[in-house]
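In: Pasted the sequence and its predicted model underneath.
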Amino acid sequence: MPRREYKQDMNELKSLNLYLIRLGEISLKGLNRNFFEKKLKNNIKLKIHPYRSTLTREKGRFYLYVSKDCPEETVIRTLKTTFGVVGFSKAIVCEKDWDIIVENAKALIENEPFADGTGTFKVECRRGDKSFFMNSYQIESQLGGVVLDRYPDMKVKVKNPEKELRIEVREQVYMYTSPIPGPGGLPVGTAGKGLLLLSGGIDSPVAGWRMAKRGLKQDCLYFHAYPYTSDMALQKVKDLARIIAPYNQGTNLVVINFTECELWIKEHSKEEEHTLMMRACMMKVANMVAKKRECKVLVTGEALGQVASQTLESMCFTNSMSEIPVLRPLVAMDKEEIISTAREIGTYETSILPYDDCCVIFSPKHPLVRPEVDIERNSYSEMKIEDLLQKAVDEAQEFEITYHV
Amino acid sequence: MHYFDWTATSPMGQKALEVYSDIATRYIGNPSSTHPLGIQAKECLENQRRDVASMLGTRPEYIYFTSGGTEADSIVLSSLLGSPSPGEIITTGIEHAAVLEWKKALENHGWKFTALRCPGGYLDPLTLKEALNDKVRMVAFMKVNNVTGTILDTKALVKVVRDYEKQSGRKIHIHCDAVQALGKIPFHPEEEDFDSAAFSAHKFCGPRGVGILYCRNKAIGALSRGGGQEKGLRPGTENLAGICAMTAELKPALENLKPDYDKVLAFRRKIQETILESGYTLISPPDKSEKEFSPYIINICAKPIPSEVFLRVMADKGFCLSSGSACSSNSRGKAESVLAAMNIPSSDRMSSIRISLSYLNLDEEVDLLCKALREASGQLGIRK
């Protein structure tokens, strides 16, 4: 913690709420740790804006001071959706006066997770300031007594307790309870920028979320084929983008009008190749959009073997149509696992709304399951669809999706 | 927008609007109240009942005012639940959800619910005859199918049931859902020998939330519990203004039945011609069919385009059409199940479009619709 923080007088601190934020992987970084931490700080501050906040760092932790007029809910939502945060707890800062410490401890245990007054707990103390008149053990047992007086049904358990009350005696006294888990991962933006191919389905929002967790900031790309797909389907995709936007520190949704291209594909390719050709075109368009928007990779929600266009052979073909790498974070995941993540991040209910993102007339009854790359690449070039794709990219619509939680 | 979804609902007519506001302003009493304003409202209500009865060619005591067709159907079907010994109800697979959705509830109470298939949209009297047995206590079928406009041969169907009654000595209740028939084709519940029939006001420019149950079987019980209105069969304060508004529209509808029908039939012929010329398939029976159909409803198939897509294209061109019945577009696949019960192949079902007409449609509008249908066919590659 920088010096000026130490000098902050108690009056000023009283107008701010304090949260302790635990960092996981980032604190293990070496010389570039600063880069990761700076990004995380910025990500948190931007999301809490317009409320005032200050972040300081000490011993692999962030101390987040937020002005009291910011609702606690906003802070919690922010920290729960910011990658890089492993856990956080609301803390109390007070003077090194035993009566004041006890008073504050009593106030703290009125809240979650102590509020229900049941289960096991322990008090853990770290005494940085060795000049304090009580030692760690004494502080722990005294405060343990305070908790037991308030909640006689609770039991002390030193190994793996359900709840913890922690106290740190340093320049000031910091008290906090067991942390609320954060999403972990790396701060968004530290890995650069990618382009997520977002459909209205269950998988692609999860794929985007997974890549954001590894620090990849993403723009989203959607292929709209009105009137073959409805405006409700587009609205659904916008809603999905809105749900994952906070994790991604906001995003831009690029909507391609794909109708003419789909009709062209239908006219100019064999029925069993429709889906493959469509995916090839999507890759081409995605490459053009990625170049324009300086995205270094594509991200898709493909899982190996899930549908005909996601067999190894089909993936080899679609891969061959992209100049930049295609990341498939769900490639080895089961549908059930994907669904459980979708539920967790809140996209599932929207994903299953019955507005299809592809019309049955473009889906062949018996699609090619094991295509050969060279033959399909040839079929693709025979379609001569480049001009139409370029036109679709030129006429793309863009929507900014903000990150406010 | 040009409106071609009259089977779903029709806008309230001018007469209905005027009568509604007049009655709602002048007759403020509750027909159950005993003060002069209540008595006045009661008199008005009974006059309406007499008028409706005479228009339907029946007696006032058989007429009950309800909140619509669904409630009228439900009163009749739900009364089976009160029976101490469950039996069987025979109906068709092409009924409105107001009838078919009773399957679960009735089966839970031990009833057998038989929905007969209707190839082409018609119930063969022989099929019904074969299905009849000693357990059957009720037979319910519609007069005009709301998805394709086929008219069931109710005379022959009733005869089959009545003959069976004579032979078995057991009474069978016959219910008819006539929601799409009233005001469009001649319909006389008494002459046809139905025990009950359901009607809805908003299909003939009356207000929504008003319907009629014709019922001469005293054993039918109420669905709701309440203050004993409508002889206890449909408790709840009567919607007097709504009922008056309905009769105000029913009268001219019945008086002009023939000219309106002829006008709509001419529209239908024009549309049918366009359809057959431009690659669509007819799901409704053709104009020259020996079997009967209502010209008010024409169901077509826009293969290979899914109904949903076709509706969007037509909506963008300014036409309100629907796929299947409006009540079932909310839950996917129900109109499809009606078409399945007609043995329509599944590839046709998913491209089914319902165009429904009124004498209030204009000639020019129908021409525009034909033009739009031709255009859409070219754009979307509609083919047989």
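Out: Structure received.

In: Show the backbone phi and psi for B:R117.
Out: phi -70, psi 150 (degrees, to the nearest 10).

In: Identify the residues contacting it.
Out: By C-beta atoms under 8 Å, 6 or more residues apart in numbering or on different chains, B:R117 lies in contact with B:T92, B:G93, B:T127, B:A341, B:M342, B:N343. Backbone N, C-alpha and C define where each C-beta goes, glycine included.

In: Dump those to TSV, plus pLDDT.
Out: Listed next are the contacts of B:R117 as TSV, based on pLDDT from 0 to 100:
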residue	pLDDT
B:T92	97
B:G93	96
B:T127	97
B:A341	94
B:M342	94
B:N343	93
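
In: Between those residues, identify the one with the most neighbours.
Out: B:T92 (28 neighbours; other C-beta atoms under 10 Å in any protein chain shown).

In: I'd guessed it sits against B:V139; true?
Out: No - counting by C-beta atoms under 8 Å, B:T92 does not reach B:V139; the two are 9.6 Å apart.

In: and chain B, which of its residues are near chain A?
Out: Residues of chain B lying near chain A by C-beta under 8 Å from any C-beta of the partner chain: B:P304, B:I305, B:P306, B:E308, B:V309, B:R312, B:V313, B:D316, B:R332, B:M350.

In: What subset of these is buried?
Out: In these, burial by neighbour count holds for B:I305, B:P306, B:E308, B:V309, B:R312, B:V313, B:M350, counting by 16 or more other C-beta atoms under 10 Å in any protein chain shown.

In: re earlier: narrow the residues of chain B next to chain A to those in helices?
Out: Cross-referencing these against helices under DSSP state H gives B:E308, B:V309, B:R312, B:V313, B:D316.

In: tell me which of the residues you listed is nearest to chain A?
Out: Closest approach to chain A among these (C-beta to the nearest C-beta): B:R312, at 4.0 Å.

In: how about the residue nearest to that closest one when sequence neighbours are not counted, what does it touch?
Out: Spatial nearest neighbour of B:R312, excluding adjacent residues (C-beta to C-beta, 6 or more residues apart in numbering or on different chains): A:P227 at 4.0 Å. Listed by C-beta under 8 Å, 6+ apart, the contact partners of A:P227 are A:T259, B:V309, B:R312, B:V313, B:D316.

In: tell me the secondary structure for A:P227?
Out: coil (DSSP: H, G, I helix; E, B strand; the rest coil).

In: Residue 108: neighbour count?
Out: You didn't say which chain, so I picked chain A. A total of 19 residues lie near A:L108 under the criterion other C-beta under 10 Å.

In: let's do chain B instead
Out: Close neighbours of B:N108, defined as other C-beta under 10 Å, add up to 9.

In: how far does stretch A:187-201 sit from the chain's center?
Out: Distance of stretch A:187-201 from the chain centroid (C-alpha atoms, centre = their mean, to the nearest Å) equals 10 Å.

In: Give me the domain ranges for the chain.
Out: Reading this off chain A. Domain assignment for chain A by automatic domain parsing gives A:3-181, A:193-401.

In: think we crossed wires, I meant chain B
Out: Domain segmentation of chain B under automatic domain parsing yields B:2-10+B:257-380, B:14-254.

In: Now tell me which of those domains the model trusts least on average.
Out: Ranked by mean pLDDT, these bottom out at domain B:2-10+B:257-380, which scores a mean of 90.

In: you'd agree B:G227 is up against B:S32?
Out: Yes - counting by C-beta under 8 Å, B:S32 is a contact partner of B:G227 at 6.5 Å.

In: Now do the shared contacts for these two.
Out: Both B:G227 and B:S32 are contacted by B:T237, under the criterion C-beta under 8 Å, 6+ apart.

In: nearest to A:I76, of the domains of chain B?
Out: Of all the domains of chain B, domain B:2-10+B:257-380 sits nearest to A:I76, with 37.6 Å by C-beta to C-beta.

In: re the thing from before, next one: the residue nearest to B:R312, what pLDDT does it get?
Out: So A:P227 comes in at 93 (pLDDT).

In: Can you pull the phi/psi pair for A:L23?
Out: Here is the backbone geometry of A:L23 (degrees, to the nearest 10): phi -110, psi 140.

In: so it touches A:G60, yeah?
Out: Yes - between A:L23 and A:G60 there is a contact at 5.8 Å, judged by C-beta under 8 Å.

In: quick one: the helices in the stretch 251-400 of chain A?
Out: All helices of the stretch 251-400 of chain A, identified by DSSP state H, counting those that start in this stretch, fall at A:259-268, A:274-292, A:312-320, A:335-345, A:348-351, A:373-383, A:386-394.

In: on contacts alone, who are the packing partners of the longest one?
Out: Helix A:274-292 is packed against strand A:193-197, strand A:217-224, strand A:251-257, helix A:259-268, strand A:297-299, helix A:312-320, helix A:373-383, helix A:386-394, with contacts defined by 3 or more C-beta pairs under 8 Å, 6 or more residues apart in numbering or on different chains; DSSP states H and E.

In: where's B:N108 relative to B:L80, distance?
Out: Using C-beta to C-beta, to the nearest Å, B:N108 is found at 12 Å from B:L80.

In: hang on, I meant A:D394
Out: A:D394 sits 65 Å away from B:L80, taking C-beta to C-beta as the criterion.

In: ok, now which ones touch B:L357?
Out: If you count contacts by C-beta under 8 Å, 6+ apart, B:L357 has them with B:F4, B:W6, B:V264, B:F267, B:R268, B:I271, B:P295, B:Y296, B:I297, B:I298, B:V366.

In: farthest pair in the residues you listed?
Out: Farthest apart among the contacts of B:L357 by C-beta to C-beta are B:I297 and B:V366. That separation is 14.6 Å.

In: What about the residue in the stretch 51-200 of chain B positioned nearest to chain A, how many residues nearby?
Out: Closest approach between the stretch 51-200 of chain B and chain A, counting by C-beta to the nearest C-beta: B:A97, at 18.1 Å. Number of residues near B:A97 (other C-beta under 10 Å) recorded here: 19.

In: Fine by me, thanks again.
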